[in-house]
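**Student:** Any chance you can model this:
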Amino acid sequence: MTVINTNVAANLTANALASNQRSMNQTMERLSTGSRLNSGTDDVAGLAIVSKMDAQITGLNQAVRNANDGIAQIQTVDGAAIEIDEMLQRMRELAVQAVNTTNTASDLVLINKEFTALATAIDGVANTTQFNDTNQISAATTNTYQIGQDASQTMAVTFQDFNLAAGAATGTAGVTTFASIDAAEVVAMDDAVTFTLFDGETLSLSAAETAELASVAGLAQLFNVKAEAAGIAVTASGTEAGGLVLTADVAKVNVNAAASVVNGTVNAGNDLTVTATTTATGADGGVMGADLSAYLTLGANAQGAGTIAALDVAIAGVASQRADFGAWMNRLEHTVDNLTQTSQNTSAARSRIADADYAAETSELARTQIIAQAATAMLSQANQQAQSVLALLK
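**Tutor:** Numbering: from 1, shown residues only. This next block holds a predicted model:
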């Protein structure tokens with residue numbers, strides 16, 4: 001059918017040209033930005049995935065920097081510990097020299113000058129070692145490093161106090177209730193019983209277990225068994241029924257206890273009470289093991305011998321803390337390597353989703369340009385077809 005008002009061929013060609021133009025515009029945008037995803041219409045799911053990957057990659061990269069900062073901080077503290085160890089070694093050498101009876105009183109005075117100067121220097125290092133304007137070993141401090149992209153991915157390290165007096169006892173030795181059960185709470189010896197240990201842990205006896213017992217003395221013996229199963233060393237002793245002595249792990253009894261003996265007794269009222277006798281020491285987390293400020297005079301042979309023993313403990317404490325430093329730095333270095341590798345792999349995965357493939361896009365651009373030229377030519381032809389009607393009117 002030959003018509004003039006509606007040019008169907010031109011409409012079809014115009015629509016095809018518009019569709020091709022959209023494709024060509026999208027391809028040109030990708031080539032100009034280097035990104036395959038420039039709007040939500042490009043790939044809705046891909047855009048959401050890339051957004052999450054962006055958060056992961058930036059978090060991983062920051063975690064790498066955090067871990068490296070942690071390594072730098074620990075290296076700074078370890079450097080101070082090296083100097084403190086060297087000074088302690090020299091102090092021990094002087095203490096060994098001072099014990100020798102060939103020294104006169106004036107000799108000891110001279111030896112003691114260097115000894116006390118070194119002690120002052122140790123406290124000076126402990127009180128002035130800083131990282132980012134913050135003292136590091138003047139008191140026990142805990143540092144938490146964010147070593148992952150998620151909030152839970154942290155690493156905590158504790159720097160102990162390196163002052164000479166850091167090992168001094170700061171608490172008072174005494175008797176503390178470790179666990180207690182009143183006989184009135186055990187009816188016919190068939191109730192479930194839970195001992196609440198004063199470190200927050202619990203030790204439970206079931207009703208079936210207590211039902212097999214004939215007395216609170218038996219309950220005490222079962223407590224022995226349960227305590228051993230919980231990791232508390234137990235030794236039964238004493239002549240009183242149910243008497244027991246528990247030698248508990250320091251951490252199980254009291255973190256500040258240098259030595260703890262837990263005693264269990266059954267009193268006249270058939271109550272079972274387990275108590276801990278503790279000696280508080282090093283409550284501030286010092287590495288010296290004892291208050292070395294009490295050993296700063298080498299004026300007597302006996303005192304010099306005691307100083308040697310105290311210095312041995314201090315040197316061992318510094319060595320232990322330095323071992324922690326080394327372990328933490330090794331862990332952080334491996335963490336950095338892992339985070340870097342994970343970031344690289346995640347970036348590669350993101351690239352496959354978000355980055356434009358220039359080989360494919362340039363081919364697409366060539367295709368759409370050719371189609372655009374062809375469609376333009378066809379539109380011209382479609383517009384000229386109507387002129388054939390004039391031949392019919394002649």
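
**Student:** From now on I want contacts and neighbour counts done on CA atoms only, so please keep to that.
**Tutor:** Noted.

**Student:** Break down this protein into its strands, ranges please.
**Tutor:** Assigned by DSSP state E, the chain shows strands spanning 130-131, 134-135, 141-146, 154-159, 174-181, 193-196, 202-205, 233-236, 244-247, 257-266, 272-280.

**Student:** Now the fifth one: average pLDDT?
**Tutor:** Model confidence over strand 174-181, given as mean pLDDT, is 46.

**Student:** which residues of the stretch 151-300 of the chain score low on pLDDT?
**Tutor:** 167-285, 299-300 (pLDDT under 70).

**Student:** and if we set it to 90?
**Tutor:** 164-300 (pLDDT under 90).

**Student:** Show me what the longest helix seen in the chain is packed against.
**Tutor:** Taking DSSP state H as the assignment, the helix of the chain that covers the most residues is helix 44-99. The helices and strands touching helix 44-99, judged by 3 or more CA pairs under 8 Å, 6 or more residues apart in numbering; DSSP states H and E, are helix 105-128, strand 130-131, strand 141-146, helix 301-354.

**Student:** Quick check: mean pLDDT of the third one?
**Tutor:** Just to be clear, that refers to strand 141-146. Mean per-residue pLDDT for strand 141-146: 94.

**Student:** Out of the helices and strands packed on helix 44-99, the one nearest Ala67 is which?
**Tutor:** Taking CA to CA, helix 301-354 is the member of these nearest to Ala67, at 5.8 Å.

**Student:** mind listing what Leu365 touches?
**Tutor:** 24, 27-28 (CA atoms under 8 Å, 6 or more residues apart in numbering).

**Student:** What score does it have for pLDDT?
**Tutor:** Per-residue confidence (pLDDT) for Leu365: 90.

**Student:** same check, this time on Thr335
**Tutor:** At Thr335 the predicted local confidence, pLDDT, stands at 96.

**Student:** Quick one: residues contacting Arg322.
**Tutor:** Listed by CA under 8 Å, 6+ apart, the contact set of Arg322 reads 78, 81.

**Student:** Against Ala9, how distant is it?
**Tutor:** The gap separating Arg322 from Ala9 is 85 Å, by CA to CA, to the nearest Å.

**Student:** do the same with Gly286
**Tutor:** Taking CA to CA, one finds Gly286 at 92 Å from Ala9.

**Student:** more neighbours, these two?
**Tutor:** Neighbours of Gly286 and Ala9, each counted by other CA atoms under 10 Å, are more numerous for Gly286; the result is 28 against 14.
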